[in-house]
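Peer 1: coordinates for the following, if possible.
(chains A, B and C)
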Amino acid sequence: MLALDIETEPVKGFPQEYALQPWRVQEGSARIGSIAIGKETGESLVTTKSYRTLLMGLEGKNVITWNGVFDVAWLIAYGYWDEVKKIKWFDAMVLWKWVDNSQRKERMPAWSLSDGAKKWCKDEPWLEAFLEMKAKEEVAGGNDAYWETRAKLDAIVTAKICEKVIQNLTAQQLKSAMIEAETIPEVARSWIMGERMDYSLVDSVLPVITEEMRDIEFRLGVSNATTAHEAALFQRDVTTWTPSKVLRSPKQLSDLLYDKWKLKAKSFSEKTGQPSTDKTALTYLADQFDKVIEILRWRELNTQLTKYLQSPLKAKEYLGSEVVHPTPRIFSTYTGRFTYTSKTARKFQTGVALHQWPRNKEFRRLIVPPEGYKHVEFDAAGQESRIMAHQSGDAAMVNVFQNNMKFHAMTGAKIAGMSYDAFMKGRETGNSAINSEHGLYYQGKFINLSSNFRVGTRKMRIQARVQYGMNVDFLTVKNWQDTFFRAYPGIKTYWKAAILKAKTKGYAETLGGRRFYLTDWSKDSQWATESSAIMFPIQGTGADMKNLGLRELARHYPDFLFAYDLHDGLHFWVKEDVSDDTLIEARDMLDQMDYEKEWGVQMRVPLTWDVSVGPRWSELEEL
DNA sequence: TGCTAACGCGCC
DNA sequence: AAAGGGCGCGTTAGCA
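Peer 2: The predicted structure is shown next:
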């Protein structure tokens, strides 16, 4: 066991927090202070120079880190990509998650090296001293002797923890964890590369949005302008305008709707009993009051303004660059998905909310590939439905995917009471009942996407209305659900089996062997715990699959630059001269991934991928 | 002023 | 009786 730990620091004269921002290396404002190597035997060394030589000496070796994306990112920022790629990276922190991923929250604050030491090195004589040292508030770069000692000890402890953690993993878990770990360099590089934003578009979209917001406010009489003079100023110059506080505040908006306008509230907050002003409440109110449509529109614009325009502008200012750096974290959600964060602990804006980026082209076009590259997305086709088909073994679902039929069409046919063939014929010949905006195909899609888990009729009806714009009555939705579960009876059987399995074993499990321990079966939590038992093997297997896809692409297409993850979609920057044939070949490789070999599972249905390419995110076209 | 809770909402 | 799940981010309200 060989562990590596990097201490980083701002270059003299730059802010302390730059020690956590590896992309600062490029501008010369942050650097590596030292690199330590430790073994679980207690041997260690630390160096402040010849990093490349050090890395070359590690070629072919297993090297353990604690939150490896961080350390590896610094090495990549220093230009050691080739050396980094020749090392087999492990992450003891992530391995610990593989062991202890649980519903229990007693471990907070989670996954620090100190907590790891407390958990895995309880009986070690040095534990107290180690924790004491970690608790000391030394400033990075401030005290060389302290940091050298600390780096060495961190490395030794990391190695020690790793040794113990690995003994608690099954062979299958270790295999899947290694697949995940192999993506560390790609993920680290994506953090360093960041996402280039088209700020000229930000500048051109911003006034359009603010003007519409301002105009809505005046029509509704909720502008912040308190005098005629101020109102005139807002009208003349939108840059002086500030967003209405009444519309932003749930409290003030409910006063407006339910007191001043005397509308009748239909839903209320769970916790405080306050009348709701959320999208659902407003959507139903909007049926009777046109003004409420304007409020809905205003709120949509407000989110776009603050989250997708102003925050990127804050990032640009803080970074001094048009490239933003959201921080990726592997195995971050308990199902194994990635998360991204856009702000530091001290609230500095370093990135943008990639995982929430609007589907709307107007916003997707703000994110652009590096010069000379195009945007390529590999997305796992109908991922959750296919995994559900496998997990449930439902004969009809399995049949659909085995025979390359269209799942949404199959469900559409079921609710129409038609045969699949007739439905497909209608689809091809332009039957409007099938193909229209909210027609049977669209309904089939909606039902498929919302029925894998236990959604109630009421909730599903609201979803149809609020998310899909379909105004349907309770009985219609009930009928959809009944038809769906009659068509695919294996799904409810899977629910029962998944709950029973989780109860019996104490954990839910993915096909890759990732576990989530479910401990709270009390009356209050039972529903939620059961839902996790159902959902975890589906969503978590999706994460396993995504990790495997990323690893395979990294292995076989090393020139594709991994850009970011969107759960069932892997996004890459690829050189402009790479042909469509090459992309299709890569897609085919993903389709052929050997789950028997990787997971020890014979898949009942193929897990397929789609590939799309374009000059930027908003212009992807499927190949 | 600084913090958390509550609410709301974007994505998968 | 009824109940999708998983996240991160931005705002206001309310408290110390």
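
Peer 1: surely residue A:96 and residue A:164 touch.
Peer 2: No: look at residue A:96 against residue A:164 with C-beta atoms under 8 Å: they stay out of range, at 9.4 Å. (C-beta placed from N, C-alpha, C; glycine too.)

Peer 1: looking at those two, which has the bigger crowd around it?
Peer 2: residue A:96 (24 against 17; other C-beta atoms under 10 Å).

Peer 1: and that one, that's in a strand?
Peer 2: No: judged by DSSP: H, G, I helix; E, B strand; the rest coil, residue A:96 forms no part of a strand; its state is helix.

Peer 1: which residues are common contacts for residue A:96 and residue A:164?
Peer 2: The overlap between the contact sets of residue A:96 and residue A:164 (C-beta atoms under 8 Å, 6 or more residues apart in numbering) consists of residue A:120.

Peer 1: break chain A down into its structural domains.
Peer 2: With domains defined by automatic domain parsing, chain A comprises A:2-169, A:199-321, A:332-382+A:508-623, A:395-488.

Peer 1: mean pLDDT added to those domains, as TSV?
Peer 2: Below are the domains of chain A laid out as TSV (pLDDT from 0 to 100):
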stretch	mean pLDDT
domain A:2-169	92
domain A:199-321	92
domain A:332-382+A:508-623	96
domain A:395-488	94
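
Peer 1: of those, which is nearest residue A:189?
Peer 2: Closest approach to residue A:189 among the domains of chain A is made by domain A:2-169 (5.3 Å; C-beta to C-beta).

Peer 1: is the closest one in proximity to DNA strand B?
Peer 2: No: using C-beta under 7 Å from any atom of the strand, domain A:2-169 stays clear of DNA strand B, with a minimum separation of 11.3 Å.

Peer 1: need the domains of chain A in TSV (columns: distance to DNA strand C).
Peer 2: Listed next are these as TSV, based on distance: least, C-beta to the nearest atom of the strand, whole Å:
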stretch	distance to DNA strand C
domain A:2-169	8
domain A:199-321	3
domain A:332-382+A:508-623	3
domain A:395-488	2
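
Peer 1: take those domains and write them to a markdown table, including distance to residue A:185.
Peer 2: Below are the domains of chain A laid out as a markdown table (distance: least, C-beta to C-beta, whole Å):
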| stretch | distance to residue A:185 |
| --- | --- |
| domain A:2-169 | 5 |
| domain A:199-321 | 23 |
| domain A:332-382+A:508-623 | 8 |
| domain A:395-488 | 33 |
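
Peer 1: pLDDT wise, what is the nearest residue to residue A:199 once chain neighbours are set aside at?
Peer 2: With sequence-adjacent residues excluded and distances taken as C-beta to C-beta, 6 or more residues apart in numbering, residue A:199 is closest to residue A:322, at 5.5 Å. Looking at residue A:322, its pLDDT reads 97.

Peer 1: what's in contact with the host helix or strand of residue A:449?
Peer 2: For residue A:449, the element it lies in under DSSP states H and E is helix A:440-450. In this structure, residues lying in contact with helix A:440-450 by C-beta under 8 Å, 6+ apart are A:385, A:407-416, A:423, A:427, A:433-436, A:460, A:463-464, A:468, A:470, A:480-481, A:484.

Peer 1: does it reach DNA strand B?
Peer 2: No: using C-beta under 7 Å from any atom of the strand, helix A:440-450 never reaches DNA strand B; the gap is at least 9.4 Å.

Peer 1: residues from chain A in reach of DNA strand B?
Peer 2: Residues of chain A lying near DNA strand B by C-beta under 7 Å from any atom of the strand: A:250, A:254, A:269-272, A:274, A:276-282, A:299-300, A:303, A:307, A:355-360, A:566-569.
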